[in-house]
Structure formats: structure tokens, C-alpha cells
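K.L.:
the sequence and its predicted three-dimensional model are supplied below.
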Amino acid sequence: MRSFTYERPTDVAAAQAAARRPGAKFLAGGTNLLDLMKVDVERPQHLVDISRLPLREVRETPDGGLSIGALVSNAELSADPRVRTLYPLLSQALVNGASAQLRNQATTAGNLLQRTRCPYFYDVSKPCNKRSPGSGCSALQGFNRMHAVLGGSDACIAVHPSDMAVALTALDAEVQTASRKIALKDFYRLPERTPAHETNLEPGELITAVNLPRPPAGQQIYRKVRDRASFAFALVSVAAVLDSANGRVKAARVALGGVGTKPWRATEAEQTMSGAQIDRRAFDAAGDLCVKGAHGHGGNDFKIPLARRVVSRTFSELAHV
């Protein structure tokens with residue numbers, strides 16, 4: 001591990017000022033950053049420890065939603081009675097996202113900002129445009145079973161790792177910083193030619209909260225398909241909301257994980273389901289639209305039919321058909 005300096009600011013303004021130093025990185029739970037420092041992927045010159053800032057509250061908002069402090073742990077959030085009752089798919093995503101030990105340490109903002117688990121990103125001996133811009137993407141012709149089939153480019157096909165971000169995308173959450181609000185659908189960037197730039201945060205900009213609007217009507221569920229029952233990243237995950245009446249869909253929401261370079265909101269599928277008769281054919285059609293434009297790279301081709309089936313099965317489960 002390389003040498004670095006360390007600072008523990010006492011308020012948000014001081015934290016942002018410290019983060020403007022060259023090579024500065026925020027440190028909260030450290031469940032991802034410290035691992036990357038150990039393998040020489042992240043090389044911060046200055047660590048700004050924000051773990052003591054007063055950002056650990058989950059509070060109700062006037063519009064009937066919730067404001068989740070940036071430092072609320074994944075364990076605290078998943079167990080919050082308001083989250084479990086009003087936003088069950090978020091609680092399910094958190095419980096399925098990591099081991100109990102990691103959930104105790106990982107924070108809300110840190111979960112959103114975690115880096116990809118692409119093995120070529122972690123291996124400093126291999127080309128990776130996300131780690132070393134302009135060096136190439138080893139996954140395109142390499143081992144890419146876990147990689148993205150949606151939103152990739154010739155520069156990067158690394159999949160976004162967060163389960164929580166997929167759930168929050170389906171719930172229309174927004175990221176609150178010290179100076180502005182960013183809808184989660186606009187928070188992440190596609191890799192295109194600059195995969196190292198993963199979000200639309202400005203340098204040194206500090207997330208202070210994640211805001212949830214009033215919970216959507218209908219039933220919610222988070223389904224995660226993975227290689228083993230625990231502590232594994234998604235092959236395909238689906239965050240789904242279904243509001244129905246009289247045998248027809250009133251409204252639906254669907255976001256996918258494990259298949260995209262960012263949490264993937266399938267708005268065309270949602271629009272097609274609205275007003276549709278509740279039956280397996282409608283949900284099969286939604287599954288088709290969820291993977292519209294998907295492109296495999298050999299090892300991950302199986303994700304396309306798998307995602308199609310998981311979407312259909314998830315909505316069928318919600319509708320009891």
C-alpha cells in the first residue's frame with residue numbers, strides 16, 4: 001500500500017474543502033476503497049474520513065417519502081421498519097447485496113459509489129480503460145461471463161455491481177449533495193469513450209443523502225439470480241413494481257442489475273405494460289423489451305435470455321399468474 005495523508009473533518013463544508021486537495025478521496029465504511037488500495041488500483045494521496053459526520057439519520061419527508069443520510073449503514077437501512085413496510089424491494093436488495101458483516105459497515109453513499117468487480121479492473125497487470133484510460137478493455141476478448149450486455153461500448157463492458165442502486169432506480173430516488181439534487185437515473189454515466197468517469201458528481205462533491213419519493217402504489221419485489229445463495233454478485237437482478245386492478249396493469253416499474261454498465265431502467269417495457277391485460281404474454285413481451293439492444297460478448301451471451309425470463313417470471317409472481 002502506498003503512503004497517504006489522513007484527515008477527519010468535523011462538518012460537511014470542511015470535508016468538501018479537504019476533498020479539493022490533489023488526489024483526495026472520501027473514506028466512510030471503506031469496504032471497497034480499502035480493498036482497492038491494497039491491490040494498488042486506487043492510489044489516493046489524501047484520505048478524508050467522513051465517518052463521523054452527522055449523516056446517519058433516516059427521516060420522513062413532508063411529501064411522504066424518506067431522506068436517507070449518506071452514512072446510514074446498509075444493515076440499518078434494510079432493518080428500518082419504514083423501509084421494510086413502504087419500500088420492501090429496497091430492503092430485499094440490501095439483504096441480498098452482501099454478507100451481514102459488510103452490511104454493518106457499508107454506507108448508503110458508499111454503496112452507490114462502489115467500483116466494478118471486473119477482474120481486469122482489479123488486475124493492474126492487465127489493460128483496463130476504467131483504471132488506466134486509453135490502455136484498452138481486456139474483457140472484450142477475455143473472460144466476460146459476468147459482464148454487461150446493455151450500455152457497453154468498445155472501451156468498457158464492466159457491469160455495475162450495486163443491488164441497492166438498482167432498487168433505488170426503480171423507486172425514482174434522487175441523490176442529494178451539499179449543493180444540489182441529482183435524479184438517480186441521471187447520476188450514472190455510460191462508459192462510451194470515458195469509462196473512468198462513472199458518475200456526474202463534480203470532483204470533491206459530497207453526497208449527503210439519498211431521497212425517496214412517496215412509495216409507489218402496488219406490489220414490489222427484488223429478485224436476484226446468482227451463482228450461489230449468498231455473497232455473490234448478480235448474474236441478473238430485477239427490481240419490479242406492479243400496480244394492477246380488474247385484470248389489467250395500471251402501472252409498472254422495472255430496473256435491472258447484473259446486465260448493464262449502470263442500473264438499467266427499462267422505460268419502454270414499463271410503457272408497454274401500462275394498460276395491458278395481466279397474463280404471461282404481456283410479461284414475456286416486457287421481458288423482450290428489457291433486453292432490447294442487448295449485445296453479448298461470448299461468455300455473457302446467456303444473460304440475454306436469462307434476463308428476459310427473470311423479468312417475465314418476476315412480474316408473473318407479483319400478479320399471481
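P.N.:
Arrived safely.

K.L.:
got the residue ranges for the helices in the stretch 101-250 of the chain?
P.N.:
With helices called from DSSP state H, counting those that start in this stretch, the stretch 101-250 of the chain shows them at 108-113, 119-122, 163-170, 184-187.

K.L.:
what packs against the third one?
P.N.:
If contacts are counted by 3 or more C-beta pairs under 8 Å, 6 or more residues apart in numbering; DSSP states H and E, helix 163-170 sits against helix 88-97, helix 108-113, helix 184-187, strand 219-225, strand 236-245, strand 248-257, strand 264-265. Where C-beta positions appear, they are placed from N, C-alpha and C, glycine not excepted.

K.L.:
of those, which is nearest residue 16?
P.N.:
Residue 16 lies closest to helix 108-113 among these, at 13.5 Å (C-beta to C-beta).

K.L.:
what average pLDDT does the closest one get?
P.N.:
Here helix 108-113 scores 98 as its mean pLDDT.

K.L.:
could you do stretch 258-276 as well?
P.N.:
Averaged across stretch 258-276, the pLDDT comes to 98.

K.L.:
that stretch: which residues count as buried?
P.N.:
Neighbour-count burial for stretch 258-276, counted by 16 or more other C-beta atoms under 10 Å, picks out 258-266, 269-270, 272-273, 276.

K.L.:
how about residues contacting the longest helix along the chain?
P.N.:
Using DSSP state H to define each element, the chain has its longest helix at helix 303-319. By C-beta atoms under 8 Å, 6 or more residues apart in numbering, the surrounding residues in contact with helix 303-319 are 149, 218-221, 223, 225, 235-238, 240, 242, 244, 252, 254, 256, 258-259, 266, 269, 273, 278, 280, 283-284, 286-288, 290-291, 294, 296.

K.L.:
one more: stretch 22-33?
P.N.:
Stretch 22-33 has contacts (C-beta under 8 Å, 6+ apart) with 15, 18-19, 34, 42-51, 70-71, 73, 98, 102, 105-107, 109-110, 113-115, 204, 206.

K.L.:
how far does it stretch from start to finish?
P.N.:
Criterion C-alpha to C-alpha, to the nearest Å; first-to-last residue distance in stretch 22-33 is 17 Å.

K.L.:
got it, and stretch 134-141?
P.N.:
End-to-end distance for stretch 134-141: 16 Å, by C-alpha to C-alpha.

K.L.:
and for that stretch, what's in contact with it?
P.N.:
Counting contacts by C-beta under 8 Å, 6+ apart, the residues outside stretch 134-141 that touch it are 118, 120, 126-129, 147, 154-158, 195, 297.

K.L.:
distance of residue 312 from residue 104?
P.N.:
To residue 104, residue 312 is 35 Å away according to C-beta to C-beta, to the nearest Å.

K.L.:
which residue of the two possesses the greater neighbour count?
P.N.:
Neighbours were counted for residue 312 and for residue 104 using other C-beta atoms under 10 Å; residue 312 has more, 21 against 14.

K.L.:
would you check how far apart residue 70 and residue 195 are?
P.N.:
Distance from residue 70 to residue 195, by C-beta to C-beta: 25 Å.

K.L.:
and if you look at residue 122?
P.N.:
Distance of residue 122 to residue 195, computed by C-beta to C-beta: 15 Å.

K.L.:
out of the two, which sits in the more crowded spot?
P.N.:
Neighbours were counted for residue 122 and for residue 195 using other C-beta under 10 Å; residue 195 has more, 24 against 17.

K.L.:
which non-adjacent residue is nearest that one?
P.N.:
For residue 195, ignoring the flanking residues on the chain, the nearest one in space by C-beta to C-beta, 6 or more residues apart in numbering is residue 156 at 3.5 Å.

K.L.:
check contacts around that neighbour.
P.N.:
By C-beta under 8 Å, 6+ apart, the contact set of residue 156 is 129, 130, 137, 139, 191, 195, 261.

K.L.:
domain assignment for this protein?
P.N.:
1-51, 219-319 (automatic domain parsing).

K.L.:
may I see those domains arranged in TSV, with distance to residue 86 as well?
P.N.:
Listed next are the domains of the chain as TSV, based on distance: least, C-beta to C-beta, whole Å:
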stretch	distance to residue 86
domain 1-51	25
domain 219-319	9
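
K.L.:
deepest of these, which one?
P.N.:
domain 219-319 (a mean of 19; mean count of other C-beta atoms under 10 Å).

K.L.:
what distance separates that one from the centre of its chain?
P.N.:
Put simply, domain 219-319 sits 16 Å off its chain's centre (C-alpha atoms, centre = their mean, to the nearest Å).
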